[in-house]
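Chemist: model this:
(2 chains)
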Number of protein chains: 2
Amino acid sequence: MSKSAISPTRQEDYAQWYQAVIKAADLAEHAPVRGCMIMKPWGYAIWEQMQKQLDERFKKQGHQNIYLPMFIPLSYFQKEADHVSGFAKECAVVTHHQLKNDPEKGLVPSGELDEPLVVRPTSEPLFGEVFKSWIHSYRDLPMCLNQWANVVRWEMRTRLFLRTSEFLWQEGHTAHATSEEAQEMVQKMLSTYQWFAEEVLSIPVFAGEKTEYERFGGAKNTYTIEAMMQDGKALQAATSHYFGQNFSQAFDVTFQSENNELTHVYNTSWGITTRMIGALIMAHGDDDGLRLTPEIAPYQVVILPIHHKEKDPSLEKYIGQIETLVSKLAFNERPIRVFVDNRDLKGGEKAWSWYKKGVPIRIEVGMREFADEKLSLSLRTNTYRDRVTLSIEDLSKIPSLLEEVQTKLYDQAKAFQSQSVVQLGSQKEIEAYFSQSGFKGFVKGYFGASSAQEADWCKANGISVRCILPNEKKGPCILTGKEAPLVIFARAY
Amino acid sequence: MSKSAISPTRQEDYAQWYQAVIKAADLAEHAPVRGCMIMKPWGYAIWEQMQKQLDERFKKQGHQNIYLPMFIPLSYFQKEADHVSGFAKECAVVTHHQLKNDPEKGLVPSGELDEPLVVRPTSEPLFGEVFKSWIHSYRDLPMCLNQWANVVRWEMRTRLFLRTSEFLWQEGHTAHATSEEAQEMVQKMLSTYQWFAEEVLSIPVFAGEKTEYERFGGAKNTYTIEAMMQDGKALQAATSHYFGQNFSQAFDVTFQSENNELTHVYNTSWGITTRMIGALIMAHGDDDGLRLTPEIAPYQVVILPIHHKEKDPSLEKYIGQIETLVSKLAFNERPIRVFVDNRDLKGGEKAWSWYKKGVPIRIEVGMREFADEKLSLSLRTNTYRDRVTLSIEDLSKIPSLLEEVQTKLYDQAKAFQSQSVVQLGSQKEIEAYFSQSGFKGFVKGYFGASSAQEADWCKANGISVRCILPNEKKGPCILTGKEAPLVIFARAY
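Modeler: Numbering: from 1, shown residues only, chains lettered A, B, ... in the order given. Below is the predicted model:
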């Protein structure tokens, strides 16, 4: 058996494998700043592709981007009680606006603020203020805003992409004239995230509502998409919240209706974060590194010139020709993103680096291929040594090969997910399932207990309710026996 | 004389006119958070276009984007003495990572940090760490990184876009094996900014070096592009810094050279901010609002359907046809950005709103135009009432009309700049020039005095040295009489 690029393998130690893939694919590293992360060029380029796909979609759906301050005065943060209790334990607080030189201690904070500022963990309070000031009549509604920003939630135990004190995200916030319209928006954005996970990232998800216990602070309903990682654990990939009039009452956001009545608006918010890169790694990565879908790969095709010692100008010209041909092709109506790696490295080293980085298609061209007017092509979804020799004309097949990679990654993840979900009927069976050694996936079961019961029982078993499955028949709750909806239980990131 | 949309006019009160344009064009507003700004959809969309143009250019030039934490531990901030002294007076300091409920005071900061964190005013210290950890041998050089981020420089007196405590920017940081190569990069980025100002924004600039007194903290040389606003004041639009080995020595960033010697790298940094939107307003705005160049306008063409009372489906169909035709056209190889404004507003109100927002081309279509298979087109660079009636076939002229607007804005700004610069030979003449009542522009003069003299004299006259003009003959310094380079003096934002 050939040795894999990543050590340990997924089987040997999944958590360590995850760190090793991030290192091998050169995605990110821990910052010298506690709890924070440095996104390296390849990791950040993936985030840029995510932004591009989502931003285009949001704009088509009528959302407009704005930018709000990252500081929230303590008093604003306090207006919605449930909201603040959800974040108070984990936020960065600015208390001074200067540094001064202390003869003994060196630089120390100086210029204490009258009111401390919280670095945004999310921006509901500021959007509350914005809506209050921008909305006057029904003609201003719906107001559909979005912001790309950094947020801070202080974390004691951090993991790259999955849990860092500062992370990047988008937060959409909308205001509507009616509850129905707001709830439609919540579902629409949930579907948008499902589309993004499944069609762009090839990650199948369960979409459904959170239980009251798992709800976002201040929300009336929280919806989520839950992805299965290869260790069977769940990852909450995105959320969409319905606030009803909770925030509009707290921030007094009203509008004049068509009948001239003053009414509070109905709000939603929805977000997705750099955590999605963690999901991508853990859903598709293998023991040789990252595997990217063509939709999200910063480069969909890399071309690797394999020179003999000295660079050969005629080979370079041939490579240029291939590059031009590839960049004129399109995948899903966008020009193919192609990169020629001219680094001064050995061919094998170069090829391995892109295999580990997960680039869907590699094209290698050495003097032999050049002489034959051929090229060697390999797909990331095949093994490293699996290459086919093609002629220049065959380059036209690249779009369909990319489609093949996109679909194959989805099919593999979907097959894995399907075989890793069981439905269990009783508390005992579920407890036994999660206490077994070895692999644990998702469990479907009926659940309708109180938040207190959910907290106790889930904590005792190291699991959580990931979401309530929609459109399923009800059955007897595994804790109370009362009629209850079907939910997913899992260990989770 | 017809009344203008903006009151007061530029003549009446330039500072108030500036605020009024921002309001009329709906670009931004003061946040409820002290010193911070809310970028509204149209203002943020302009920033997105700026990012897109610059980011594409940076990537073509070989720079890669990364993302670093926004928090910098106090100790890192302290490593380069000149650097810290430049920022210590104006930074936000995080000292706590929790909030707790005090029975008397309500929420108060809790969980004091061992080491305070400074919210980045710029990221040289963290890039120092990054270079130290990523650079090993000459093969890793040059390392050309860039970051799009928010930064904080605490400000007591704020003005939208020009001076806010938090602002958005890009900061490029590069490391090189030789001083020559680093200095070439500094010049290359200065030229890139000049291209951006002149070709994209149609704002003519003076590019040159800053005096020692005006240099960025920690830099060996600082270069700048200086734009003239319509009140004759200068606005520093972008800067490019050469650090030599100052930061690499402070952060011990070395590399193994080809001869196996351990050497410190040479660094540069360069940045441009949301301030550029302020420059755009003040360079091109008129008494009816904003005027945008086609290169930067979020929409280059807006189409305004003028319905009679009820919406007419056949008019809507005709509008759709025009939209399709326009969106198939290209301006500078990019598809034209077109928007149909279907808001339920009166025709005049709609047209005025886009005139104030500065959209280059407006197309109005009412029932009469529809009946004649015509349309009414107007350019933002003409007066509001100046319209031409065109046929559908004439839409093909739009790219050249956009080119006309792009050039006209540049020519107007250039003519204004040229007639507003005088060269003066003596201290007295310059003092007299800047103490006159009424308009004051840029003054060219020979200057080579010490930093202390520069500080005193400039402060006394309310001016500053904006930049040293390159490639000019030397002459006698207006303060010392010694041979000195030609510089630009001006009042500045």
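Chemist: And stretch A:353-360, how far out from the chain middle?
Modeler: 20 Å (Cα atoms, centre = their mean, to the nearest Å).
Chemist: typo on my end, it should be stretch A:157-176
Modeler: Distance, centroid of stretch A:157-176 to centroid of chain: 9 Å (Cα atoms, centre = their mean).
Chemist: Then stretch A:31-51?
Modeler: 12 Å.
Chemist: Can you show me the CA trace of it as CSV?
Modeler: The C-alpha trace of stretch A:31-51 is given here as CSV (Å, rounded to 0.1, in the frame of the first residue of the first chain):
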residue,chain,number,x,y,z
ALA,A,31,-1.8,33.7,14.7
PRO,A,32,0.5,34.9,17.3
VAL,A,33,-2.6,36.6,18.6
ARG,A,34,-4.5,34.3,21.0
GLY,A,35,-7.5,32.5,19.5
CYS,A,36,-7.0,34.2,16.1
MET,A,37,-6.1,32.7,12.7
ILE,A,38,-4.1,33.8,9.7
MET,A,39,-5.7,33.0,6.4
LYS,A,40,-2.9,32.2,4.0
PRO,A,41,-3.3,32.9,0.2
TRP,A,42,-4.9,29.6,-0.8
GLY,A,43,-7.3,29.6,2.2
TYR,A,44,-8.2,33.2,1.6
ALA,A,45,-8.7,32.6,-2.2
ILE,A,46,-11.2,29.9,-1.4
TRP,A,47,-13.1,32.4,0.9
GLU,A,48,-13.0,34.9,-2.0
GLN,A,49,-14.7,32.4,-4.3
MET,A,50,-17.3,31.7,-1.6
GLN,A,51,-18.0,35.4,-1.3
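Chemist: Quick one: mean pLDDT for it?
Modeler: Across stretch A:31-51, pLDDT averages out at 95.
Chemist: before we move on, what about stretch A:281-294?
Modeler: In this model, stretch A:281-294 has a mean pLDDT of 98.
Chemist: now the end-to-end length of that stretch.
Modeler: 14 Å (Cα to Cα, to the nearest Å).
Chemist: Not counting stretch A:421-441 itself, show me its contacts.
Modeler: Outside stretch A:421-441, the residues that touch it by Cβ atoms under 8 Å, 6 or more residues apart in numbering or on different chains are A:228, A:231-233, A:420, A:442-446, A:457, A:461-463, A:475, A:478-479, A:486, A:488-491. No exception for glycine: its C-beta is placed from N, CA and C like everyone else's.
Chemist: So what would you say the end-to-end distance of stretch A:187-202 is?
Modeler: 20 Å.
Chemist: Give me the buried positions along that stretch.
Modeler: Residues A:189, A:190, A:192, A:193, A:194, A:196, A:197, A:198, A:200, A:201, A:202 are the ones in stretch A:187-202 that count as buried (16 or more other Cβ atoms under 10 Å in any protein chain shown).
Chemist: I'd say the fourth one and residue A:272 touch.
Modeler: Yes - taking contacts as Cβ atoms under 8 Å, residue A:193 lies within contact range of residue A:272: 6.1 Å.
Chemist: Spell out which residues are contacts of both of these two.
Modeler: Among the neighbours of residue A:193, those also in contact with residue A:272 (Cβ under 8 Å, 6+ apart) are A:237, A:238.
Chemist: Which strands or helices does the longest helix seen in chain A pack on?
Modeler: As assigned by DSSP state H, the longest helix anywhere in chain A is helix A:398-419. When contacts are defined as 3 or more Cβ pairs under 8 Å, 6 or more residues apart in numbering or on different chains; DSSP states H and E, helix A:398-419 packs onto strand A:221-228, helix A:275-284, strand A:330-331, strand A:361-366, strand A:374-379.
Chemist: looking at the ones you listed, which is closest to residue B:69?
Modeler: With Cβ to Cβ as the criterion, residue B:69 lies closest to helix A:275-284 of those, at 16.4 Å.
Chemist: residues in contact with residue A:323?
Modeler: Counting by Cβ under 8 Å, 6+ apart, residue A:323 touches A:303, A:338, A:340.
Chemist: Adding secondary structure and distance to chain B, write these out as JSON lines.
Modeler: Converted to JSON lines, the contacts of residue A:323 look like this (DSSP: H, G, I helix; E, B strand; the rest coil; distance: Cβ to the nearest Cβ, whole Å):
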{"residue": "A:303", "secondary structure": "strand", "distance to chain B": "17"}
{"residue": "A:338", "secondary structure": "strand", "distance to chain B": "14"}
{"residue": "A:340", "secondary structure": "strand", "distance to chain B": "13"}
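Chemist: Now, of those residues, which are buried?
Modeler: A:303, A:338, A:340.
Chemist: need the residues you listed in TSV with distance to residue A:380 and pLDDT, can you?
Modeler: Below are these laid out as TSV (distance: Cβ to Cβ, whole Å; pLDDT from 0 to 100):
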residue	distance to residue A:380	pLDDT
A:303	15	97
A:338	15	98
A:340	18	97
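Chemist: Residue A:443: what's its closest spatial neighbour, skipping adjacent residues?
Modeler: Spatial nearest neighbour of residue A:443, chain neighbours left out: residue A:489 (4.5 Å); criterion: Cβ to Cβ, 6 or more residues apart in numbering or on different chains.
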